[in-house]
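Peer 1: Here you go, sequence then predicted model.
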Amino acid sequence: MAVGARVEIRNLTKRFGSVVAVEDTSLSIEPGQFVTFLGPSGSGKTTTLNAISGFTDVDGGEILLDGTSILSLPAHKRNIGVVFQHYALFPHMTAADNVAFPLKRRRVPKAQVREKVRRALELVHLADYGGRLPRELSGGQQQRVALARALVFEPRLLLMDEPLAALDRRLRDAMQVEIKRIQEQLGITVIYVTHDQDEAMTMSDVVAIFNEGRIAQIGTAADLYERPADLFVARFMGESNRLPVITCDEGAVAFAAGAETLRLRARNATEAGVRGMLVVRPENVLVGRERDPGLDSSLTGRIGRVRYFGAYCVTEVVLDDELIVRSRQPVEVALEAVEGDRVHVQWNSRHALFLRSGEGDQLSGSASSFLDAADGGAEAVAHG
Ligand SMILES: Nc1ncnc2c1ncn2[C@@H]1O[C@H](COP(=O)(O)OP(=O)(O)OP(=O)(O)O)[C@@H](O)[C@H]1O
């Protein structure tokens, strides 16, 4: 059985002309870990992956596999399995011949090739499909052949670049489970690139959030969701309500609600006068006709759009200055309300996090948008 490789990236830098695709990035990956690179388009995920696989050269830094530099080795000598979004199978070769290809290139004796190909196809549940051409296989089956081909030479590290992006939702869910099963069965290290935060959250031991060629934060899905290091991570991981605020003193921020300035609690606010956002997840926001004495933070507004999703409801509350706060609650908990009803939006301050504005954040006064979803997620930011 293969055992996973340890991967060490130190101060990696890669430029394409004047574009800095990866900037001074460092990362340590433990043997057998499943690490996902998540981030917006153009943030450097693929370039980092390609630097590891050897498909791209680098301008600076070091990449070590089990303590040994691999940068001077050509891609095919690194012994790393790679799967891309587009299966890249040879169309004129059967599934079995496709899987055999890396072994033949490594001059593995014929008798061993047959046995290894059989085992690899079995691993991806395609034992009976070896004789088919790629065009005679579904998208999901082709991707499984690509996976078998990447695993057949028993690499200790597998790189996957959006391998499921071309598949439909149901097939993608099934393949996520398959990939996890295979990774756990083999014990190999996996680095996985995706745009899809659900995929990242369900599959990974560790998620690295990329932003403009750097890693903004690395941690478990729960770390990133519950303790985002900055506004970029908070916005990228899940949905969030974000209220533009300014800190007033320890544990409190000021929020301009129309003509009024309200004081809201924010445990992690320290010195006064810092601009930023108060971040509260929609699942921690309750909407009620009365103030709930158990919740220490409250704003008033009018019911906007209410959407029903079967298991839960999303209620939008429009504040006086036309900002929207969104609440997501199980249907039986959600307030039955009609558009225009006057209500309280409330939360417990232990669920509110103050995050200072960074250079890239939009903070154009109180009318700035403060509610959005991650890349490709739900809609809508500012109201009106
Ligand atoms: N071969 C190339 N030539 C020129 N610029 C490139 C090349 N490859 C990548 N870049 C640029 O480098 C930056 C990082 O690209 P990269 O493909 O690593 O991002 P990504 O996070 O993988 O994006 P996506 O999710 O869209 O694949 C981008 O600005 C991109 O335009």
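Peer 2: Cool, got the structure.
Peer 1: the domain parsing of this structure - what is it?
Peer 2: Segmentation of the chain into domains, based on automatic domain parsing, reads 7-224, 239-372.
Peer 1: Pipe those domains into CSV and attach distance to the ligand, mean pLDDT and mean neighbour count per row.
Peer 2: To be clear about C-beta, it is placed using only N, CA and C from the backbone, and glycine gets the same treatment. Below are the domains of the chain laid out as CSV (distance: least, C-beta to the nearest ligand atom, whole Å; pLDDT from 0 to 100; neighbours: other C-beta atoms under 10 Å):
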stretch, distance to the ligand, mean pLDDT, mean neighbour count
domain 7-224, 3, 93, 18
domain 239-372, 15, 86, 17
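Peer 1: looking at these, which is closest to residue 231?
Peer 2: For the domains of the chain, the distance to residue 231 is smallest for domain 239-372, at 4.8 Å, taking C-beta to C-beta.
Peer 1: still on that earlier bit, just put the domains of the chain in JSON lines and tack on distance to residue 231.
Peer 2: Below are those laid out as JSON lines (distance: least, C-beta to C-beta, whole Å):
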{"stretch": "domain 7-224", "distance to residue 231": "10"}
{"stretch": "domain 239-372", "distance to residue 231": "5"}
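Peer 1: For residue 233, find the nearest of the ones you listed.
Peer 2: With C-beta to C-beta, the closest approach to residue 233 among these belongs to domain 7-224: 4.8 Å.
Peer 1: chain center to that closest one: distance?
Peer 2: Centre-to-centre, domain 7-224 and its host chain are 16 Å apart (C-alpha atoms, centre = their mean, to the nearest Å).
Peer 1: got the end-to-end distance for that domain?
Peer 2: Domain 7-224 has an end-to-end distance of 22 Å (C-alpha to C-alpha, to the nearest Å).
Peer 1: Likewise for stretch 280-294?
Peer 2: By C-alpha to C-alpha, the extent of stretch 280-294 from end to end equals 17 Å.
Peer 1: Now residue 166: phi and psi?
Peer 2: Per-residue torsions, residue 166: phi -90, psi 0 (degrees, to the nearest 10).
Peer 1: Quick check: next helix or strand after the longest helix belonging to the chain?
Peer 2: Longest helix in the chain, counting residues (DSSP state H): helix 169-186. Downstream of helix 169-186, the next assigned helix or strand under DSSP states H and E is strand 189-194.
Peer 1: other SSEs contacting that following strand?
Peer 2: strand 34-38, helix 45-53, strand 157-161, helix 169-186, helix 197-203 (3 or more C-beta pairs under 8 Å, 6 or more residues apart in numbering; DSSP states H and E).
Peer 1: all helices in the stretch 1-150 of the chain, in order from the N-terminus.
Peer 2: Counting by DSSP state H, counting those that start in this stretch, one finds helices in the stretch 1-150 of the chain at the ranges 45-53, 95-105, 110-123, 139-151.
Peer 1: looking at the ones you listed, which is closest to residue 323?
Peer 2: Nearest to residue 323 among the helices of the stretch 1-150 of the chain is helix 45-53 (32.5 Å), distances taken as C-beta to C-beta.
Peer 1: next structured bit after the one helix or strand residue 207 maps to?
Peer 2: Per DSSP H and E: residue 207 is located in strand 206-211. Scanning forward in sequence from strand 206-211 by DSSP H and E, the next helix or strand is strand 214-219.
Peer 1: Alpha carbons of that next one, as PDB, please.
Peer 2: Extracted as PDB, the C-alpha positions of strand 214-219 are listed here (Å, rounded to 0.1, in the frame of the first residue of the first chain):
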ATOM      1  CA  ARG A 214      -1.200  34.300  -1.700                       C
ATOM      2  CA  ILE A 215      -2.800  32.000   0.900                       C
ATOM      3  CA  ALA A 216      -5.200  34.100   2.900                       C
ATOM      4  CA  GLN A 217      -5.800  31.400   5.500                       C
ATOM      5  CA  ILE A 218      -5.300  27.700   6.000                       C
ATOM      6  CA  GLY A 219      -7.300  25.600   8.400                       C
END
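Peer 1: in its sheet, what does that strand sit against?
Peer 2: Strand pairing for strand 214-219, using DSSP bridges, gives strand 206-211 (antiparallel).
Peer 1: Now do the strand it pairs with and strand 189-194, the angle between them.
Peer 2: 40 degrees (axes from the mean of the first three to the mean of the last three C-alpha atoms, to 10 degrees).
Peer 1: what angle sits between strand 206-211 and helix 45-53?
Peer 2: Using the same axes, to 10 degrees: strand 206-211 against helix 45-53 is 120 degrees.
Peer 1: re the thing from before, kindly reformat the helices of the stretch 1-150 of the chain as CSV and extend each row with distance to residue 176.
Peer 2: Putting these into CSV (distance: least, C-beta to C-beta, whole Å) gives the following:
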stretch, distance to residue 176
helix 45-53, 18
helix 95-105, 22
helix 110-123, 16
helix 139-151, 11
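Peer 1: And those helices: which comes nearest residue 301?
Peer 2: So among the helices of the stretch 1-150 of the chain, helix 45-53 is nearest, using C-beta to C-beta, at 38.4 Å.
Peer 1: the inter-axis angle of that closest one versus strand 34-38?
Peer 2: Using the same axes, to 10 degrees, the inter-axis angle of helix 45-53 relative to strand 34-38 is 140 degrees.
Peer 1: which helices and strands does helix 45-53 pack with?
Peer 2: Contacts defined by 3+ C-beta pairs under 8 Å, 6+ apart place helix 45-53 against strand 7-16, strand 19-29, strand 34-38, strand 157-161, strand 189-194.
Peer 1: Any chance of those in TSV with distance to residue 130 as columns?
Peer 2: Putting the helices and strands packed on helix 45-53 into TSV (distance: least, C-beta to C-beta, whole Å) gives the following:
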stretch	distance to residue 130
strand 7-16	32
strand 19-29	33
strand 34-38	28
strand 157-161	21
strand 189-194	25
